[in-house]
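# Below: sequence and its predicted model.
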Amino acid sequence: MQLVLWDIDHTLIATRGVGREIFGECFERVTGHVMKEQATVDGMTEPIIFRETATLHGVESDRAMFEAFARCSAELHLLRAEELKQRGQALPGAEACLAAVAELSGVVQTVVTGNVRPVAELKLGAFGLDTHIQWTYGGYGEDDDERAELVRIAMRRASQGLDEPIEARDVLLVGDTPADVAAGLDNDVPVLAVASGRSSVQELREAGATMVVTGLEDPRALVRALRRT
C-alpha cells in the first residue's frame with residue numbers, strides 16, 4: 001500500500017487573496033486588532049502563522065484564541081465558498097493528477113496541510129478536488145504546529161485506518177515549499193516538489209527534494225515518482 005500526502009495551498013489550489021482576506025477578518029475579530037501585516041505563510045501551519053502575526057501586533061496569543069480564530073476561518077470559508085471558486089483556481093493539472101493516482105491500485109491519497117481540517121475540506125471542495133481524498137488519514141493544522149509531525153500523524157492514521165503498516169518508503173509527499181521538503185526529509189519520506197508557488201525549481205532542489213517539477217500538468221511525472229518509492 002502506498003500513501004500520497006498532498007499539500008493544498010499553491011500545490012493544488014490558489015485562493016488569489018481570498019484566504020488572506022479571511023485571515024485578516026478573523027484575526028481582527030479574535031484579537032481586536034486590524035491586521036496590518038501577516039507573518040510568513042509559505043509552508044507554515046496555521047497556528048504558527050496566527051501566533052507570529054499576533055506577535056507582530058503586540059498581542060500575546062494562546063491556544064483558546066487560535067481555536068476561536070480557526071472556527072471563524074471555517075465559518076467564513078463556508079460563507080465565501082462561491083467567491084473562492086470565482087476568484088481562486090485549481091492549479092493546472094491538479095484534478096488530472098488526483099484522478100490519475102486514484103486509478104492506481106494500492107494507492108491512497110490524503111493531505112498534510114497547515115490548514116485546519118474544515119478549511120482544508122472547504123478549499124478543495126470549492127474546486128471539486130475533494131473526491132479522491134481520504135480525509136480521516138490526513139494531518140491538519142489543529143493537530144500540531146510542526147509540519148514534520150503532521151506527516152507522522154498522517155502515516156499513523158493511515159496505518160491504523162488501513163490496518164497495514166505504512167513505512168516511509170511507502171509514502172510520497174507532494175508540496176511546493178522548502179518547508180514541505182524538510183517535513184518529508186525529516187521522516188525519510190520522498191518528496192515531489194512542485195514549483196507552482198513562490199519557491200523556484202532551484203530552491204526546491206537545494207532543499208533536497210527527491211524530484212522537482214514545474215507544475216502538475218503532466219500526471220505521468222507523479223506516477224513516475226510513485227514508482228520510485
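Okay, I see it.

# For the helix or strand of the chain with the lowest mean pLDDT, name the packing helices and strands.
One helix or strand of the chain scores below all others by mean pLDDT, DSSP states H and E: helix 219-228, with a mean of 88. Helix 219-228 is packed against helix 94-102, strand 171-175, strand 191-194, strand 211-213, with contacts defined by 3 or more C-beta pairs under 8 Å, 6 or more residues apart in numbering; DSSP states H and E. C-betas here are computed from N, CA, C, even on glycine.

# Need the winner for burial among those.
For the helices and strands packed on helix 219-228, the largest average neighbour count (mean count of other C-beta atoms under 10 Å) is found in strand 191-194, namely a mean of 28.

# Remind me what the following helix or strand past that one packs against, helices and strands.
Counting by DSSP states H and E, the element after strand 191-194 in chain order, helix or strand, is helix 201-207. On a contact count with 3+ C-beta pairs under 8 Å, 6+ apart, helix 201-207 meets helix 178-185, strand 191-194, strand 211-213.

# In JSON lines, list the ones you listed along with distance to residue 79 and mean pLDDT.
Output for the helices and strands packed on helix 201-207, formatted as JSON lines (distance: least, C-beta to C-beta, whole Å; pLDDT from 0 to 100):
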{"stretch": "helix 178-185", "distance to residue 79": "29", "mean pLDDT": "97"}
{"stretch": "strand 191-194", "distance to residue 79": "30", "mean pLDDT": "97"}
{"stretch": "strand 211-213", "distance to residue 79": "35", "mean pLDDT": "96"}
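
# Show me the one of the ones you listed that comes nearest residue 54.
Smallest distance to residue 54 across these (C-beta to C-beta): 20.1 Å, for helix 178-185.

# Please enumerate residues in contact with the closest one?
Residues outside helix 178-185 that contact it (C-beta atoms under 8 Å, 6 or more residues apart in numbering) are 7, 11, 42-44, 112, 146-148, 150-151, 173-175, 189-191, 193, 199, 203-204, 207-210.

# And the residues you listed, which of them are buried?
Using 16 or more other C-beta atoms under 10 Å as the burial test, the contacts of helix 178-185 include 7, 11, 42-44, 112, 146-148, 150-151, 173-175, 189-191, 193, 199, 203-204, 207, 209-210 as buried.

# would you list the helices and strands packed on helix 219-228 in CSV and tack on distance to residue 77?
Formatted as CSV, those follow (distance: least, C-beta to C-beta, whole Å):
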stretch, distance to residue 77
helix 94-102, 18
strand 171-175, 21
strand 191-194, 23
strand 211-213, 28
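
# May I have the beta-bridge partners of the residue nearest to residue 7 when sequence neighbours are not counted?
Distances taken as C-beta to C-beta, 6 or more residues apart in numbering place residue 175 nearest to residue 7, at 3.6 Å, with adjacent residues excluded. For residue 175, the residues forming beta bridges with it (DSSP bridges) are residue 193.

# what sits against residue 175?
Neighbouring residues of residue 175 by C-beta under 8 Å, 6+ apart: 6-7, 11, 43, 112, 181, 183-184, 191, 193-194.

# for the residues you listed, which one is nearest residue 106?
Nearest to residue 106 among the contacts of residue 175: residue 6, at 17.4 Å, using C-beta to C-beta.

# close enough to count as contact, that closest one and residue 112?
Yes. Using C-beta atoms under 8 Å, residue 6 is in contact with residue 112, at 7.2 Å.

# Outline the domain layout of the protein.
Annotated domains of the chain cover 2-14+89-228, 18-86 [automatic domain parsing].

# so of those domains, which one's packed in deepest?
domain 2-14+89-228 (a mean of 20).

# Quick one: end-to-end distance for that one.
11 Å (C-alpha to C-alpha, to the nearest Å).
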